[in-house]
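**Student:** Structure, please.
(4 chains)
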Protein chains: 4
Amino acid sequence: MVVVMNLNVSEKQIQDVKNRLTRLGFKTHLIRGVERIVIGAIGDKKNIDTSTLEMMPGVEKVVHIMQPFKLVSREAKSDDTIIKIKNVEIGGNQVVIMAGPCAVESREQMMAAARAVKEAGARIFRGGAYKPRTSPYSFQGFEEKGLELMAEAAQQENLITITEVIDQQSAELAAQYIDILQIGTRNMQNFQLLKKVGQLKKPVLLKRGLSATIEEWLMAAEYIMAEGNYEVILCERGIRTFETYTRNTLDLTAVPVIKRLSHLPVVVDPSHATGDWKLVAPMAKGAVAVGADGLLIEVHPDPSKALCDGPQSLTPENFKNLVLELEPIAKATGRSLAV
Amino acid sequence: MVVVMNLNVSEKQIQDVKNRLTRLGFKTHLIRGVERIVIGAIGDKKNIDTSTLEMMPGVEKVVHIMQPFKLVSREAKSDDTIIKIKNVEIGGNQVVIMAGPCAVESREQMMAAARAVKEAGARIFRGGAYKPRTSPYSFQGFEEKGLELMAEAAQQENLITITEVIDQQSAELAAQYIDILQIGTRNMQNFQLLKKVGQLKKPVLLKRGLSATIEEWLMAAEYIMAEGNYEVILCERGIRTFETYTRNTLDLTAVPVIKRLSHLPVVVDPSHATGDWKLVAPMAKGAVAVGADGLLIEVHPDPSKALCDGPQSLTPENFKNLVLELEPIAKATGRSLAV
Amino acid sequence: MVVVMNLNVSEKQIQDVKNRLTRLGFKTHLIRGVERIVIGAIGDKKNIDTSTLEMMPGVEKVVHIMQPFKLVSREAKSDDTIIKIKNVEIGGNQVVIMAGPCAVESREQMMAAARAVKEAGARIFRGGAYKPRTSPYSFQGFEEKGLELMAEAAQQENLITITEVIDQQSAELAAQYIDILQIGTRNMQNFQLLKKVGQLKKPVLLKRGLSATIEEWLMAAEYIMAEGNYEVILCERGIRTFETYTRNTLDLTAVPVIKRLSHLPVVVDPSHATGDWKLVAPMAKGAVAVGADGLLIEVHPDPSKALCDGPQSLTPENFKNLVLELEPIAKATGRSLAV
Amino acid sequence: MVVVMNLNVSEKQIQDVKNRLTRLGFKTHLIRGVERIVIGAIGDKKNIDTSTLEMMPGVEKVVHIMQPFKLVSREAKSDDTIIKIKNVEIGGNQVVIMAGPCAVESREQMMAAARAVKEAGARIFRGGAYKPRTSPYSFQGFEEKGLELMAEAAQQENLITITEVIDQQSAELAAQYIDILQIGTRNMQNFQLLKKVGQLKKPVLLKRGLSATIEEWLMAAEYIMAEGNYEVILCERGIRTFETYTRNTLDLTAVPVIKRLSHLPVVVDPSHATGDWKLVAPMAKGAVAVGADGLLIEVHPDPSKALCDGPQSLTPENFKNLVLELEPIAKATGRSLAV
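**Tutor:** You can find the predicted model right below:
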């Protein structure tokens, strides 16, 4: 941490800041520059809130040198985290595909969807039983009944399951039926929910918040890990920008950035990012090319009849073709598809 | 709703879309333009998810004509909603000031803060017992003990209270101690929490999400009202942009926009928007000038010792001066301060 | 400048960086922290491009302590710059109103507009002879003929004039007819044009770029001042965000921020920021309340017939009413309107 | 175009709007909905500014159905535009690599750079003779001398050349030495410059503006084409968002979106988008995977000594390795590298 002092700082003010830093446990180091005096503060004090230093007379600003995250950081653990669920590894050499409909709608739909995604090569089956919707008048999900249907369909096709949880109660329930708990974009900073899934000890897929910086996203993962749950998968799903042609702007650069900063696996959701099934295939290819560990793709047996997000869902046939096209891309980057 | 068809749409495709619209309960109206055929769909169908129409062959896009909100809209209720709590009215002719520290820290701090804000002219006392923090290692609040201290301090000074709630449990507890429940920016789309405070029948202050559009914000208010709670106060607190000099970008234009779209009161939080106490005074004045119904301002007896957000907190003295400066601005807009 | 070294940096790498810094003219200062070694670099070297330091082996990042601007900064000149044009002062105690139509359309329109804005209390007359338009098929302005008409109308009403210039040629021409040259938002980083108006020695109004940070905006002003022209007026006119309800998001906080960082006057354009005449009045009041030195407002004798930007133009009557409402706001902030 | 009327519109107001539309050359079509009356306006009127319709009494808003661009649109020309320069085709089946240093610095540097990029497989040589820099105190380029050195180096290695132009004069000069004229991100809406390169009849590479929507970007291309120059290459180079970890956010989804909306070729610049050479390789692979027609990559013989943008430049060796890695990606998408 570097404390930059004002142009006309007094010696008394400098001394006060040094004293405060010493009391907080830092060693201090004064540098008298040409235009500014700065005080270097040395110490491993990630848990100390130093924002009030900026309030002290004579202080212009405080510049942080270190990243605020610990457990998620590549420095804390240099080798990649590989999360094993049954016979699938996420974060290893294979690219894993998670697919399925936006929402659980019926037993038939789930069975058809599970069969279709299994056939095409997905290993993980997604489906929503709790749906956070912008409008209170939109379909809100089948809740526990949906979890049951999902588990049943997955078991028949020998698929691993993933579903979104939206509060502490749904997290507890889902943990009884489902293999991976998903935190949606709107709940990325729902810290009570993060703590809850941190305690549940099930693998968690953490979507990036709609306007979350990479640092905030990693801090949200830190919340889960700080509770003792180290199986966190990060999921890039588009951020909010001024561009209106696509629903969100898919930030694929986040993938190599995360790989540098953290040891956690990172997957990409091109369906929610674009909101348009015609853009899913190219962006899925891009995601694999930049090094994503997996994909989360919406597939619906009949998208035009879906209860939510139909426009971004692939038909089983389109999905099958996409998987075929992804294989050579994965190979070109030295990996393979987990099919 | 207007359905725009593709350049080379077939008569069969047009008929299919018309049939689907008819089944959904719309009357249809075909317009053959020079380059495009569009189908107007007539009907009051806010609860129908029409996104799958975009999936139908021959459809280029669907353009919505109507706003998606109902209960919050100015069309549903043309006169301003005025929320009365004890002897204070929010949304009426008086500008109401809510002030207090970021977090409840101790009995002494709360008593000192309550006295100071009361003296300066605030009618509503804020303080945080549950603190959603970006880092799991930051101070997380005193929880129920904090609610008690807050209620005690407020009672002594005859102040109305407001505090943030972060999940269903904290909402229930806070409702027993506190007058107004606040939904923070990170929970604006925590729909479970919105439903909960909708059921609790206490006035709710709903902060705008960090990157929420005005429409999404109003839809979040709609969630609360749809549960039967009509006492919702909207609070602009800055949005996320590319500008890094201020913590957020305070969108003061949202105030007159909300006034046009909705009958609900709207207040402004210049402290969180700017993150810098030196910017609080000018932005508070700006908020009153553009027509805000109130202000939410952080005041701490000793900001340099605050456990959180010290740099954006005013001292009691600075706060007192600000209130004096706000009075002529309020008068210049035909209103007065509720002091 | 602080150079942060990698976790596993070698002594050789540290020495190399120190040597490079020494060669660039800096004194160096090594701080060995708990997790990181940082090198403080001391020296007033604003003209040196230090970005290649980041390329050196062992360097993690370079943190700049100092602001990059010089001539525009409050540190370079602590008292406010006041720009005098004829009998009007911009940046002093009076709030100055600049008003007029988006585009010069005809002699009649200019005469009517000049009369109307003068009557209402504006001192400076705006009008566009060169119109940068998003579409090549939109009206592009009357060019020199427009400058002539503007000068003529202004002279008759004893008004000062301001107009946008779009390239070196239009800048030279406009300088012969017009008092203040305006750089539009799309040209804020058209550096050739900035140099040109820097040489012309006419007061310049520099609009903030659509997505320019405050720092970039001040650096654009620095370009003009570096050519020897010190009469620069900054103009906030809204930035681009995800919000679609208003055309841009007016960043009123930029006004007090600029006042802190720079000695230059700053005015606000609520017409372009909102794109909606109904929002101009509240945002103009907000601008005066936060401390703007002036306003730039579109007024058209008959907005519904305007060749451009009609929807954001006030009628003469609405403008007159607005000026009356602005007076008490200006007084409430200790200033007056220059009428 | 659809004109949506207010809730309480009068018959007189409806008639007035219909009359205005008729005078503008539209046929009108009235739809009386449950809550709103809307007027459909039929006619191919892209050149008419209809914004003043929004000013008319009784009008709530105007919704445009058609895209505003013509010549650039896929509807105007359904087959892909392929631009042939000497023996290279841009927009065809081959992915073309453009590479070279940020700035022309010396004869030796240019010769070394040209040799290196040629050897690695680039066909087009980039280099900057005119450098638009944020600070007036940064290196501004060698101007005509730079163009000469670039042409000489390219000729020796039989490379095609591309360079940025910044005003009408530099465009004219560059057209004499260089094969492709580049419009930089800050000049995307410098309409005078767009018109100039439209007249020069040299292929133009048009970078997306820092915060330009896809629609604005295509309208900028429309400016060039409207002057008769149909050889326009679009270049995605990152947009401005709230994320600060990377310099910009590379919007790779723009590639398939442009391919749908337009027939023009589109290339990607991962160097400027990320600002970090370590991120260039993954993002270059992603760009090829999503369907880009080419890449623009900064390569410098010795990045740590570059006069500008060193941190984002690849060494010749890294560049060579990247090209080898790109080949299988190109093949996996059914294309090949033009090497």
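**Student:** do you know how far A:Gln189 is from B:Pro68?
**Tutor:** Noted for A:Gln189: a distance of 25 Å to B:Pro68, by CB to CB, to the nearest Å. The way it works is simple: take the backbone N, C-alpha and C, and place the C-beta from them, glycine included.
**Student:** Tell me which of these two has more neighbours.
**Tutor:** Legend: neighbour count by other CB atoms under 10 Å in any protein chain shown for A:Gln189 and B:Pro68, higher for A:Gln189 (24 against 17).
**Student:** May I ask which helix or strand encompasses the more buried one?
**Tutor:** A:Gln189 is part of no helix or strand, with elements assigned from DSSP states H and E.
**Student:** so it touches A:Ser211, yeah?
**Tutor:** No: A:Gln189 lies out of contact with A:Ser211 (CB atoms under 8 Å); the separation is 10.4 Å.
**Student:** and the residue in the stretch 151-300 of chain A positioned nearest to chain D, what element?
**Tutor:** Of all residues in the stretch 151-300 of chain A, A:Ala289 sits closest to chain D, at 3.6 Å by CB to the nearest CB. Using DSSP H and E, A:Ala289 sits within helix A:277-290.
**Student:** So, low pLDDT: which residues of chain A?
**Tutor:** Low-confidence segments of chain A, defined by pLDDT under 70: A:44-49.
**Student:** what's the angle between the helix holding A:Ala289 and helix D:277-290?
**Tutor:** Counting by axes from the mean of the first three to the mean of the last three CA atoms, to 10 degrees, helix A:277-290 lies at 140 degrees to helix D:277-290.
**Student:** following helix A:277-290, which helix or strand shows up next?
**Tutor:** Sequence-wise, the next helix or strand downstream of helix A:277-290 (DSSP H and E) is strand A:294-298.
**Student:** Now do that following strand against helix A:277-290, angle only.
**Tutor:** 170 degrees.
**Student:** residues in contact with strand A:294-298?
**Tutor:** A:90, A:95-102, A:122, A:124, A:126, A:162, A:205, A:233, A:235, A:237, A:265, A:267-272, A:277, A:280, A:284, A:287-288, A:309, A:312-314, A:319, A:322, A:326 (CB atoms under 8 Å, 6 or more residues apart in numbering or on different chains).
**Student:** Measure how far it is from the centre of its chain, please.
**Tutor:** Here strand A:294-298 is found 13 Å from its chain centre; the criterion is CA atoms, centre = their mean, to the nearest Å.
**Student:** And for stretch A:215-235?
**Tutor:** Averaged C-alpha coordinates place stretch A:215-235 at 8 Å from its chain's average position (CA atoms, centre = their mean).
**Student:** again with stretch A:5-16
**Tutor:** Mean-position distance between stretch A:5-16 and its chain equals 43 Å (CA atoms, centre = their mean).
**Student:** ok, A:Thr253 - how many residues close by?
**Tutor:** Around A:Thr253 there are 29 other residues, counting by other CB under 10 Å.
**Student:** and if you look at A:Lys61?
**Tutor:** By other CB under 10 Å, 14 other residues sit near A:Lys61.
**Student:** Am I right that it is in contact with A:Glu54?
**Tutor:** Yes: judged on CB under 8 Å, A:Lys61 makes contact with A:Glu54 at a distance of 6.5 Å.
**Student:** Which residue, neighbours along the chain excluded, lies closest to whichever residue of chain A sits closest to chain B?
**Tutor:** Closest contact between chain A and chain B, by CB to the nearest CB, is at A:Ser211 (3.3 Å). When the adjacent residues along the chain are set aside, A:Ser211 lies closest to B:Ser211, with 3.3 Å between them (CB to CB, 6 or more residues apart in numbering or on different chains).
**Student:** That neighbour belongs to a helix?
**Tutor:** No: if the criterion is DSSP: H, G, I helix; E, B strand; the rest coil, then B:Ser211 is coil and not within a helix.
**Student:** Contacts only, for it.
**Tutor:** A:210-211, A:240, B:239-240, C:242, D:242.
**Student:** among those, which ones are buried?
**Tutor:** A:210-211, A:240, B:239-240, C:242, D:242 (16 or more other CB atoms under 10 Å in any protein chain shown).
**Student:** Tell me the one of those residues nearest A:Gly33?
**Tutor:** Ranked by distance to A:Gly33 (CB to CB), the buried ones among the contacts of B:Ser211 are led by D:Phe242 at 30.9 Å.
**Student:** Confirm that the closest one sits in a helix.
**Tutor:** No: under three-state DSSP, D:Phe242 sits outside any helix and is assigned coil.
**Student:** Excluding chain neighbours, what is closest to it?
**Tutor:** Among residues not flanking D:Phe242 along the chain, B:Arg240 sits closest, at 4.8 Å (CB to CB, 6+ apart).
**Student:** Let's see which of the contacts of strand A:294-298 end up in helices.
**Tutor:** Under the assignment DSSP state H, the contacts of strand A:294-298 contribute A:270-272, A:277, A:280, A:284, A:287-288, A:319, A:322, A:326 to helices.
**Student:** Buried among those residues? Need that as a selection in PyMOL.
**Tutor:** Buried subset of those, written as a PyMOL selection, criterion 16+ other CB under 10 Å:
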select buried, chain A and resi 270+271+272+277+280+284+287+288+319+322+326
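**Student:** Export the ones in helices among the contacts of strand A:294-298 as TSV, with columns for distance to chain B.
**Tutor:** Listed next are the ones in helices among the contacts of strand A:294-298 as TSV, based on distance: CB to the nearest CB, whole Å:
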residue	distance to chain B
A:Pro270	17
A:Ser271	13
A:His272	13
A:Trp277	8
A:Val280	13
A:Ala284	19
A:Ala287	23
A:Val288	26
A:Phe319	15
A:Leu322	17
A:Leu326	23
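**Student:** Helices of the stretch 51-200 of chain A, start to end?
**Tutor:** A:107-120, A:144-157, A:168-177, A:191-200 (DSSP state H, counting those that start in this stretch).
**Student:** Buried deepest among those, which one?
**Tutor:** Comparing the helices of the stretch 51-200 of chain A by mean neighbour count (mean count of other CB atoms under 10 Å in any protein chain shown), helix A:191-200 ranks first with a mean of 22.
**Student:** what packs against it?
**Tutor:** If you count contacts as 3 or more CB pairs under 8 Å, 6 or more residues apart in numbering or on different chains; DSSP states H and E, helix A:191-200 packs onto helix A:168-177, strand A:180-183, helix A:214-226.
**Student:** next one: the first one to chain centre, how far?
**Tutor:** On the basis of CA atoms, centre = their mean, helix A:168-177 sits 19 Å off its chain's mean C-alpha point.
**Student:** Equivalent analysis for the second one, please.
**Tutor:** Going by CA atoms, centre = their mean, the spacing between the C-alpha centre of strand A:180-183 and its chain's C-alpha centre is 10 Å.
**Student:** Just the CA trace of it, in CSV.
**Tutor:** Only the C-alpha atoms of strand A:180-183 are listed here, as CSV (Å, rounded to 0.1, in the frame of the first residue of the first chain):
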residue,chain,number,x,y,z
ILE,A,180,-23.7,-28.6,-9.0
LEU,A,181,-25.3,-25.5,-7.6
GLN,A,182,-25.4,-22.5,-9.8
ILE,A,183,-25.3,-18.9,-8.5
